[in-house]
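A.B. asks: coords please:
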Amino acid sequence: RKDDPMNQRRNPVDDFLHHLADEYAAEIVWAMLMLIALVMRLEIIPRMQSDDYYMFLEPWCKTFASMSFREGMAVEVTNYYVPYTLLLNVIAHLPLPYYILICLTSCFFDFITAFFVIKLVRFLLQGGKQEFTLINLSSPEALSGTYLSEEEIRNRAGICGMALLFLPFVFLNSAVWGQCDSIYTAFAIMSLTYLLRGKNHKAFLLFGVALSFKLQAIFFLPFFLYYYFAKKRCSILHFLYIPAVYLAAGLPAIFCGRSPLDTYLVYRLQVTHDTDSVTRNMPNLYSFGLADYYVLKTAGILIAAAVFFAAFLWVLKGRERLDLKNLMLLCLWTLLTAVMFLPGMHERYDYPSSLLLSVFALAYREKKILLCALLVNLIDLMTYCSFLFYTTLLPPDLLVLPYLFVYLQVTLKLRHVLLDREV
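C.D. replies: Reported below is the predicted structural model:
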């Protein structure tokens, strides 16, 4: 029959579209997801400015705008170190609304982080196959022979990167709150990726950059020390890159006339004057009624240090079991331990630990860790909404219970893999 579709001539446009779908479906889906993530941020940014913007970022930018660029760098306007201060100074002199440029900068680093998460996960899953056979012959994957195909590795890495862009705490932090957590975390993830790849110079230089953007990058330092002693793949001299980068990052302000003492001690002032609560909407151990910051601040820091030192014995005893997967677990544990035990934590300070937990869960897909990632994302969503939208579903005093459950699960898993005991 003439009207039979099978007898009709094929449309070249249809052939082209079918060819694209058959050959490049994954690439098209990833590109569309990235576009959606970008449009979502562009839609959100103009619609709301946070209290932090009106209390801090806008006054800082107005102060910079009232001065020349050099004058702004020569005086103490913000409580951030030079790199982010310099960024705000630049933004203040551009002919666009401050909040749009601030949020766009943070959103840009969302995508940078996603890119390096994809690289990191691909390396972890590919390198893991080698380590199962060369180092950890007792691993379940080695015993079962259930290695991932290259296609599955690419898919998991892509899912981790794309999912990151849609995690509520990620886009709320950058597109609504206008914070710089995505900036320092991006450099920290770059640093972690290069460290695990054995590119120590890049790793420690980038760690110095992360620390220069925000003090909370210091949460990664215990892992770097564990890695140094357990794996013996870097030199203690590499750690000198961190203060070297920090010192170099302060030079623009010093060249503009600011005193070296004021420049380099800005984090000390931030710690002593910017915090007056033992926890600021962060559901950690201090949510159990430990409410006096000035009484508990030194003791809390010392307790956190004690936990890290005690874990050092686990790390040394289980160093042979520290393959790539378990190194990531160790890094995740150090980040969670910092926000669980240190006083003065804001709800935003678990940004890198929540991100790494989500990535670990999606990369390795273990049921307990997936549950932990889900719980932490829900907790972060509630704490963020409490500050940004004044909607409190559950107070931090109750949220600490599931958060403590997550921390204990990760701790027990780390103990299991390092000490080879059943959980």
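A.B. asks: drop to CA atoms for contacts and neighbour counts, all remaining ones
C.D. replies: Noted.
A.B. asks: all strands of the protein, in order?
C.D. replies: Listed in chain order, the strands found in the chain under DSSP state E are 279-280, 345-346.
A.B. asks: tell me how far the nearest residue to A230 once chain neighbours are set aside lies from F123.
C.D. replies: Nearest residue to A230 in three dimensions, chain neighbours excluded: R319, at 5.3 Å (C-alpha to C-alpha, 6 or more residues apart in numbering). Separation of R319 from F123 (C-alpha to C-alpha, to the nearest Å) stands at 20 Å.
A.B. asks: circling back: weakest of the strands of the chain in terms of mean pLDDT?
C.D. replies: Out of the strands of the chain, strand 279-280 stands lowest, with a mean of 85 (criterion: mean pLDDT).
A.B. asks: tell me which residues are up against that one.
C.D. replies: Y286, S287, A291, P343, G344, M345, H346, E347 (C-alpha atoms under 8 Å, 6 or more residues apart in numbering).
A.B. asks: among these, who's most crowded?
C.D. replies: P343 (30 neighbours; other C-alpha atoms under 10 Å).
A.B. asks: neighbours of the residue nearest to it when sequence neighbours are not counted, just the number please.
C.D. replies: Nearest non-adjacent residue to P343, counting by C-alpha to C-alpha, 6+ apart: V278, 5.0 Å away. Other residues lying near V278 total 26 when counted by other C-alpha under 10 Å.
A.B. asks: got the phi/psi numbers for V278?
C.D. replies: phi -70, psi -20 (degrees, to the nearest 10).
A.B. asks: for A92, which of the strands of the chain is the nearest?
C.D. replies: Closest to A92 of these is strand 345-346 (C-alpha to C-alpha; 26.5 Å).
A.B. asks: compare R319 and F123 (neighbour count), which wins?
C.D. replies: Using other C-alpha under 10 Å, the more surrounded residue of R319 and F123 is R319, with 20 against 17.
A.B. asks: distance to Y228 for the strands of the chain - can I get that in CSV?
C.D. replies: Below are the strands of the chain laid out as CSV (distance: least, C-alpha to C-alpha, whole Å):
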stretch, distance to Y228
strand 279-280, 31
strand 345-346, 27
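A.B. asks: among the ones you listed, which is nearest T78?
C.D. replies: strand 345-346 (18.2 Å).
A.B. asks: got the contact list for that closest one?
C.D. replies: Taking C-alpha under 8 Å, 6+ apart as the rule, strand 345-346 contacts V278, T279, R280, N281, M282, V339.
A.B. asks: can you pull the pLDDT of A363?
C.D. replies: 96.
A.B. asks: ok, N281 next?
C.D. replies: 88.
A.B. asks: count the neighbours of it for me.
C.D. replies: 23.
A.B. asks: any idea how far the residue nearest to it when sequence neighbours are not counted lies from L355?
C.D. replies: The shortest distance from N281 to any non-neighbouring residue, by C-alpha to C-alpha, 6+ apart, is to E347 (5.3 Å). E347 sits 14 Å away from L355, going by C-alpha to C-alpha.
A.B. asks: likewise V266?
C.D. replies: Counting by C-alpha to C-alpha - V266 and L355 are separated by 27 Å.
A.B. asks: give me the more crowded residue out of the two.
C.D. replies: Remark: of V266 and L355, L355 carries more neighbours, 24 against 17, as counted by other C-alpha under 10 Å.
A.B. asks: that one: what's it in contact with?
C.D. replies: L355 makes contact with L164, according to C-alpha under 8 Å, 6+ apart.
A.B. asks: switch to numbering from 56
C.D. replies: From this message on, residue numbering opens at 56, which makes the last subject L410.
A.B. asks: per-residue pLDDT of it, please?
C.D. replies: For L410, pLDDT reads 98.
A.B. asks: again with the one 3 residues further on
C.D. replies: Looking at S413, its pLDDT reads 98.
A.B. asks: and if you look at L143?
C.D. replies: pLDDT, read off for L143, is 97.
A.B. asks: then Q63?
C.D. replies: pLDDT at Q63 comes out at 59.
A.B. asks: same check, this time on the one 5 residues further on
C.D. replies: pLDDT for V68: 86.
A.B. asks: for Y239, same thing?
C.D. replies: The predicted local confidence for Y239 is 98.
A.B. asks: that one contacts G263, doesn't it?
C.D. replies: No. Judged on C-alpha atoms under 8 Å, Y239 makes no contact with G263 at a distance of 9.9 Å.
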